[in-house]
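Undergrad: got a structure for you, letters missing:
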Ligand SMILES: Cc1cc2nc3c(=O)[nH]c(=O)nc-3n(C[C@H](O)[C@H](O)[C@H](O)COP(=O)(O)OP(=O)(O)OC[C@H]3O[C@@H](n4cnc5c(N)ncnc54)[C@H](O)[C@@H]3O)c2cc1C
């Protein structure tokens, strides 16, 4: 029996392992998925968790349940991949492979800006989302005991670096959350006292989207009271004030960083063909260039289509996982494989309660129709009926009840480590 090892339990790895295992014939190969966490985190719901519109576990899918015994699961950290020996070294032992699928994702990158890695709050993993939410509630509690003045204002300033989809969704969810709470639950604070500020280096928010949608998003965000600073780069952050390329430094105790990517260290340590961003270069069939038994998917891989590498998006990882599940069994059987081709389904960005912008199958939507499309699409994509029902219930309750401020501190909670 051939041994297929998949490393990474995100969109690429979890679906790649599941769909490949489903297509294998009995006795043909054994699939083992190695991942740090025993759940798949559905990242599009990350900012909903921060804003309290969704319960934490509802944005996850248990990996063992997804695999349903079709593939083995090992919960461990991958420490090193030894390509020459065809071996993956993990924190719980080594695994030999005939074929390896690398789907380790990426980390948040900070461009080595002074103090950012140490002091900013990241938004890639579930623990990071929970830690940021706790931090935000801590700030409200502390501010409610402070006298009015610059210290209290800094405690209530929530800046967000990067106006891509994650930054915009975070700003909008945060603003909805703070708005509701300050009006009803924090009588010691003025209703609009908390400030959400977005800092973006390019000319407009959501710069990868159609300009009309980007302008619509900006207008809605300003309507929510979000301060937007475009054409402004962050030069450093010491945890107290943000040093900017334009204008004076801004006092701010909480900066969320959604602006950059860095390679996963296990991938960075591999001596394999990589692009400038440190992503593994793929051939047309999704194999690492020059290696018949090494495959890569998602954020840690670079697939060039029409002369440009595909971006780090869930839909890219999903579609790559689907192609892998056909090409890998074909490779095992010595059958012809098919070249991968990415088809963009659309771009969807929520602007908080009842508003969104989306490009969908070449059409543009905004406002309520786009919001409905956002929710329906992601609900459909979320794995498992139980989770779909839970999320539907969360969203329904959110229409009628205020957002919760319950902040559960884990004994081991800490600020996420710097990349
Ligand atoms: C907040 C946020 C919102 C997003 N929203 C959208 C969206 O709306 N639409 C969209 O298309 N894309 C979205 N994305 C992008 C999308 O999540 C990524 O492109 C996608 O997750 C990439 O899949 P992946 O499998 O390559 O990596 P990931 O999903 O990041 O998975 C990597 C996996 O590897 C594991 N891992 C890493 N290192 C190790 C190790 N050493 N040992 C063991 N396991 C390890 C991780 O724990 C994780 O399970 C969003 C991303 C973020 C951060």
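TA: That came through, no problem. This structure is a prediction, so every number in the text was calculated from the model and none was measured. Residues are numbered from 1 along each chain as shown.

Undergrad: which residue is the nearest non-sequential neighbour of residue 102?
TA: Distances taken as C-beta to C-beta, 6 or more residues apart in numbering place residue 296 nearest to residue 102, at 4.4 Å, with adjacent residues excluded. Glycine gets a C-beta too; all of them are placed from N, C-alpha and C.

Undergrad: neighbours around the one you found, how many?
TA: 32 (other C-beta atoms under 10 Å).

Undergrad: isn't it up against residue 286?
TA: Yes. Shown here, residue 296 and residue 286 form a contact pair, counting by C-beta atoms under 8 Å, at 7.0 Å.

Undergrad: how far out from the middle of the chain is stretch 275-294?
TA: 23 Å (C-alpha atoms, centre = their mean, to the nearest Å).

Undergrad: list the buried residues for it?
TA: 277-283, 285-288, 293-294 (16 or more other C-beta atoms under 10 Å).

Undergrad: again with stretch 388-400
TA: Within stretch 388-400, the residues that qualify as buried are 388, 390, 391, 394, 398, counting by 16+ other C-beta under 10 Å.

Undergrad: host element of residue 371?
TA: helix 367-381 (DSSP states H and E).

Undergrad: check whether that helix contacts the ligand.
TA: No. Figure legend: helix 367-381 not in contact with the ligand (C-beta under 6 Å from any ligand atom); closest approach 7.1 Å.

Undergrad: tell me which residues touch the residue nearest to residue 102, please.
TA: 101, 102, 103, 280, 282, 286, 287, 288 (C-beta atoms under 8 Å, 6 or more residues apart in numbering).

Undergrad: same question, residue 336
TA: Taking C-beta under 8 Å, 6+ apart as the test, what residue 336 contacts is residue 330.

Undergrad: what about the most far-flung residue of the chain relative to its centre, which SS state?
TA: Distance from the C-alpha centroid of the chain, by C-alpha atoms, centre = their mean, peaks at residue 147 (36.9 Å). Assigned by DSSP: H, G, I helix; E, B strand; the rest coil, the conformation of residue 147 is coil.

Undergrad: residue numbers of the stretch 151-300 of the chain in contact with the ligand?
TA: Residues of the stretch 151-300 of the chain lying near the ligand (C-beta under 6 Å from any ligand atom): 165, 166, 264, 266, 298, 299, 300.

Undergrad: who touches residue 332 in this structure?
TA: 2, 24, 28, 29, 99.

Undergrad: looking at the stretch 101-250 of the chain, what residue ends up closest to the ligand?
TA: As assessed by C-beta to the nearest ligand atom, the ligand sits closest to residue 105 within the stretch 101-250 of the chain, at 2.7 Å.

Undergrad: residues contacting that residue?
TA: Here residue 105 is in contact with 8, 10, 12, 264, 298, 299, 300 (C-beta under 8 Å, 6+ apart).

Undergrad: what does residue 184 give?
TA: Contact analysis of residue 184 by C-beta under 8 Å, 6+ apart lists residue 402.

Undergrad: alongside the ligand, which residues does the stretch 301-419 of the chain contribute?
TA: 312, 313, 314, 315, 317.

Undergrad: can you pick out the most distant pair from those?
TA: Spanning the widest gap among those are 312 and 315, at 10.6 Å by C-beta to C-beta.

Undergrad: report pLDDT for the residue of the stretch 251-400 of the chain at minimum distance from the ligand.
TA: Closest to the ligand within the stretch 251-400 of the chain is residue 298: 2.0 Å, counting by C-beta to the nearest ligand atom. With respect to pLDDT, residue 298 scores 97.

Undergrad: that one contacts residue 312, doesn't it?
TA: Yes. With contact defined as C-beta under 8 Å, residue 298 reaches residue 312; the gap is 7.5 Å.

Undergrad: could you pull out the helices in this structure for me?
TA: 11-23, 46-50, 63-67, 116-119, 126-145, 150-155, 165-184, 211-223, 265-268, 314-333, 367-381, 385-400 (DSSP state H).

Undergrad: columns mean pLDDT on top of these, output as a markdown table?
TA: Shown next, in a markdown table, are the helices of the chain (pLDDT from 0 to 100):
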| stretch | mean pLDDT |
| --- | --- |
| helix 11-23 | 98 |
| helix 46-50 | 93 |
| helix 63-67 | 96 |
| helix 116-119 | 95 |
| helix 126-145 | 93 |
| helix 150-155 | 96 |
| helix 165-184 | 93 |
| helix 211-223 | 96 |
| helix 265-268 | 98 |
| helix 314-333 | 97 |
| helix 367-381 | 93 |
| helix 385-400 | 93 |
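
Undergrad: turn those helices into JSON lines, including distance to residue 33.
TA: Formatted as JSON lines, the helices of the chain follow (distance: least, C-beta to C-beta, whole Å):
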{"stretch": "helix 11-23", "distance to residue 33": "4"}
{"stretch": "helix 46-50", "distance to residue 33": "22"}
{"stretch": "helix 63-67", "distance to residue 33": "7"}
{"stretch": "helix 116-119", "distance to residue 33": "30"}
{"stretch": "helix 126-145", "distance to residue 33": "18"}
{"stretch": "helix 150-155", "distance to residue 33": "43"}
{"stretch": "helix 165-184", "distance to residue 33": "26"}
{"stretch": "helix 211-223", "distance to residue 33": "37"}
{"stretch": "helix 265-268", "distance to residue 33": "15"}
{"stretch": "helix 314-333", "distance to residue 33": "12"}
{"stretch": "helix 367-381", "distance to residue 33": "20"}
{"stretch": "helix 385-400", "distance to residue 33": "19"}
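
Undergrad: for residue 238, which of those helices is the nearest?
TA: Nearest to residue 238, of those and by C-beta to C-beta, is helix 116-119 at 6.3 Å.
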